[in-house]
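Enquirer: Got a predicted structure here, sequence first:
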Amino acid sequence: MTEIISSGTKRGIPGNIEMPLAVERLPNGHTLIADAGDEAGFGSEIVEVDPVGNIVWNYNEGLRFAHSGRRLKNGNTLITDTTNNRLIEVTPDKKIVMNSDEWGSGTGKLSDGSHLHYPNEAFELEDRTFLVTDRNNDRCIQVDRNGKVIWAFEKELQHPHNANALPNGNILIADSDGNRILEINRKKEVIWSYGDGSKETLWWPRSGIRLKNGNTLVTDSKNHRIIEVSPHGKLVWIFQTEHVDKFYITQATKEDSFLIACTGHHQVIEVDRAGNIVWLFRNYRRPAPIFARLANGFFKELGDDGNPLHWVLATRLSEGGGKVVWLNNHKPSSCPGLEFDRPGTLFLQQDIAVKPGSTYRIGGDIKTIDVKGTACLMVDFFDSYGASLYRDITLMPSGEFFTGTIDWTHDIFEVRVPPRATYAELRVSINNSGKVFVRNIMMNLI
Amino acid sequence: MALDKLISEKRKRQCAKLIEISKDIVRQAFDKFKLEELGITWTGGKDSGLTLWIIRQVCQEKGISLPKTMIIGEGDEFEEIEQFVERIKKEWNVPLEICRNEDILKAANYRLNALVKVKDLNERNREELERLGFEEDEFPFEAESYVGNHLMKTVVFNQFLERNRIKGIFQGLRWDEHPARFNDPYFEFKEGGDLMPEHTRIRPILHFTEKDLWDTYGGFNIPYCVLYERGYRSLGAKTTSQISMEGVPAWEQDLENTEERAGRRQDKEKAMERMRKLGYM
């Protein structure tokens, strides 16, 4: 019998904030939040909340993993709709008045012939043009409302996530996979930088902002901390929570406090200089159920969507690709698999309640076809607020890593449940391209 | 070069320190439990071999016999390990019990990869399969599959505890052998559960790295199975264990920068690097 411990909620409920990625405090004291949505790709929206937490405006039409919403001077909102590879501008009554898909005579192409690829951030500049961080094209660009590229910086960037303009006209860029923050001038010269490339200094910084005092505040995501750095590169202030939380974007308020998008605990917090949380917005109900033990590990039951019952196809990080496929000729039962064709990663996953300190044996059979990246079984553990206990996916316990074409192989691994964990997320994972099939998945306390 | 020639006096003293820590754990176990409540798991491999040798030192010091020792017969053993176990059993007077899941072996007709039908198994094994969530009607007889591993090892282990009313069981696990072991404690109490009796797991050699272990074997002339001289680093079932470097003794391999349990596995570090470069979360 399948015992459900927590049934989860309907997906895509407006106002349910699953993964806040960007924040800003508006002049009227409200807070604009970009919610990327849940693991299955539902619920991405831009939400405006007042100081007591009422949702006063939202926009969610067609968004997929939207990373940013920025209020423009004309009162409209500029949305970076990441997985849809587009920018849109919407009015307060939710009409789209600009859509980058219409650039280049409807091809979505920019004047330089390129297309936005996984854009993460866009700000309006003084002259009403946009500064766009075009992550998978490894660049930041200035474009006008018709897609004309006015300026571009694409030297040596590796997956930048945020670029913003400083009052002096320079640009501050979070070069995330380069583990650096760069300040460049319009002549594309590096004026200032922080980070030596090592993870100890910065690990996947997602944003940097220049403070009034001249220091730079960096959201050092995988080190799960916010740091303030002086112009000479001295660390002058650190904010960190007890739990591992992946902070995405930080913005300074007029009151000199900081608004932080916390993806781990599904909330936005405002923190003062003493590290107190002075404001918080959390409106989260988990979408996926939690099972008492692994359910349908032999894939004999199908859900209404034709995918294995009780398993979630997690497309959040799949950059728009990926699906479940079946190896139908296989005896004695059908084996599901994942087919994937691009960078990013795709999971088939299920949440199972666990007790800290206990040990589980997890395993099953795996078969791969032409996997260019890595396919494996892995486990992530989460705390009671729904935050992963790991800073980075590579630190999560996993079975063997499979690459290429490998026939059915037994894979067994053991995991000890870390302190604070309340549930495990067991995943069949694939990145890059190829197919991975699984059968007879089991997970038992030992 | 012979193992014992490689170890300096200084290194030997360092290893002696590590042995002392282990002996202290063993002594604590003897304080906590009666001799007849203790058991030892042995495989014939290097980890449980060192553990057995250390327990034997403490027993000699106390003038008592070794606790009851189990070895699991999976039906897929190396002859070299069997010979080694036989020799040590005699030399050290080990009270050895060879434990097997006879019911499974019989159902498989003692043939590897033979299909075992669930309906042919006894009630205990069928209950165990149900507990695992196994839903098929048959499975191939292999010790390294999830089901095989459970029935051939875990169940046999639990039955050994049950049969002998064991309360504390020594295991030769080490922190550095696998990431899942990083947080293992020296003494771990296990509550009784479905078909598992309540017991405490005692792991005296957790702090030994693979290199410490071989240096200790060399420094103290501890006997080991000859397969390690031929390049095996980790021994499991015969058909699934692989030589990691042909003809290079385990202790001469690059123990610190390569995987102890490598084989068909690809280099995990390289795979990790690739995952990082893909730049997601």
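Expert: Here it is on my side, so go on.
Enquirer: show me where the stretch 201-350 of chain A has strands.
Expert: A:205-210, A:216-220, A:225-229, A:235-239, A:247-252, A:258-262, A:267-271, A:277-281, A:290-291, A:312-314, A:323-327, A:335-353 (DSSP state E, counting those that start in this stretch).
Enquirer: Tell me which of these sits nearest to chain B.
Expert: strand A:335-353 (5.2 Å; CB to the nearest CB). Quick note: C-beta positions are derived from backbone N, CA and C, even for glycine.
Enquirer: State the mean pLDDT of the following helix or strand past the closest one.
Expert: Counting by DSSP states H and E, the next helix or strand C-terminal to strand A:335-353 is strand A:359-382. Mean pLDDT, computed over strand A:359-382, is 95.
Enquirer: mind listing what's buried in strand A:359-382?
Expert: By neighbour count on 16 or more other CB atoms under 10 Å in any protein chain shown, the buried set for strand A:359-382 is A:359-369, A:371-382.
Enquirer: Lowest average confidence across helices and strands of chain B, where is it?
Expert: Lowest by mean pLDDT, DSSP states H and E among the helices and strands of chain B is helix B:268-277, with a mean of 54.
Enquirer: Could you dump the strands of the stretch 201-350 of chain A into CSV and include mean pLDDT and mean neighbour count?
Expert: Formatted as CSV, the strands of the stretch 201-350 of chain A follow (pLDDT from 0 to 100; neighbours: other CB atoms under 10 Å in any protein chain shown):
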stretch, mean pLDDT, mean neighbour count
strand A:205-210, 97, 25
strand A:216-220, 97, 25
strand A:225-229, 97, 21
strand A:235-239, 97, 14
strand A:247-252, 94, 23
strand A:258-262, 97, 24
strand A:267-271, 97, 22
strand A:277-281, 97, 15
strand A:290-291, 97, 20
strand A:312-314, 97, 22
strand A:323-327, 93, 15
strand A:335-353, 95, 22
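Enquirer: mind putting those in TSV, distance to residue A:148 included?
Expert: Shown next, in TSV, are those (distance: least, CB to CB, whole Å):
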stretch	distance to residue A:148
strand A:205-210	26
strand A:216-220	31
strand A:225-229	35
strand A:235-239	40
strand A:247-252	27
strand A:258-262	31
strand A:267-271	34
strand A:277-281	37
strand A:290-291	50
strand A:312-314	37
strand A:323-327	36
strand A:335-353	28
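Enquirer: gap between residue A:355 and residue B:150?
Expert: 20 Å (CB to CB, to the nearest Å).
Enquirer: Those two: which has the busier surroundings?
Expert: residue B:150 (24 against 10; other CB atoms under 10 Å in any protein chain shown).
Enquirer: Break down the chain into its helices, ranges please.
Expert: In the absence of a named chain, this looks at chain A. Remark: helices assigned in chain A by DSSP state H are A:103-106.
Enquirer: Actually, chain B is the one I wanted.
Expert: Under DSSP H, chain B gives helices at B:9-32, B:46-62, B:79-92, B:102-107, B:123-132, B:146-149, B:155-164, B:210-219, B:268-277.
Enquirer: Of the buried residues of strand A:359-382, which are in range of chain B?
Expert: Contacts with chain B within the buried residues of strand A:359-382, counted by CB under 8 Å from any CB of the partner chain: A:359, A:361, A:363-365, A:373-374.
Enquirer: Among these, pick out the one closest to chain B, please.
Expert: residue A:363 (4.0 Å).
Enquirer: Okay, and the beta partners of that closest one?
Expert: residue A:412, residue A:442 (DSSP bridges).
Enquirer: now the chain, which segments are flagged as low pLDDT?
Expert: Because you didn't say which chain, this covers chain A. The model of chain A has pLDDT under 70 over residues A:1, A:329-333.
Enquirer: Hmm, no, I was thinking of chain B.
Expert: Checking chain B against pLDDT under 70 turns up B:1-2, B:4-5, B:180, B:261-281.
Enquirer: re earlier: dump the strands of the stretch 201-350 of chain A into TSV; add distance to chain B as well.
Expert: Formatted as TSV, the strands of the stretch 201-350 of chain A follow (distance: least, CB to the nearest CB, whole Å):
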stretch	distance to chain B
strand A:205-210	11
strand A:216-220	14
strand A:225-229	17
strand A:235-239	21
strand A:247-252	11
strand A:258-262	14
strand A:267-271	18
strand A:277-281	22
strand A:290-291	11
strand A:312-314	11
strand A:323-327	16
strand A:335-353	5
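Enquirer: Turn the helices of chain B into CSV, columns for distance to chain A.
Expert: Listed next are the helices of chain B as CSV, based on distance: least, CB to the nearest CB, whole Å:
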stretch, distance to chain A
helix B:9-32, 19
helix B:46-62, 15
helix B:79-92, 21
helix B:102-107, 16
helix B:123-132, 5
helix B:146-149, 4
helix B:155-164, 10
helix B:210-219, 18
helix B:268-277, 4
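Enquirer: In TSV: those helices, plus mean neighbour count and distance to residue A:162.
Expert: Shown next, in TSV, are those (neighbours: other CB atoms under 10 Å in any protein chain shown; distance: least, CB to CB, whole Å):
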stretch	mean neighbour count	distance to residue A:162
helix B:9-32	15	50
helix B:46-62	20	49
helix B:79-92	15	58
helix B:102-107	18	58
helix B:123-132	16	47
helix B:146-149	23	44
helix B:155-164	18	53
helix B:210-219	22	44
helix B:268-277	16	20
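Enquirer: If anything else comes up later, I'll come back, but that's it for now.
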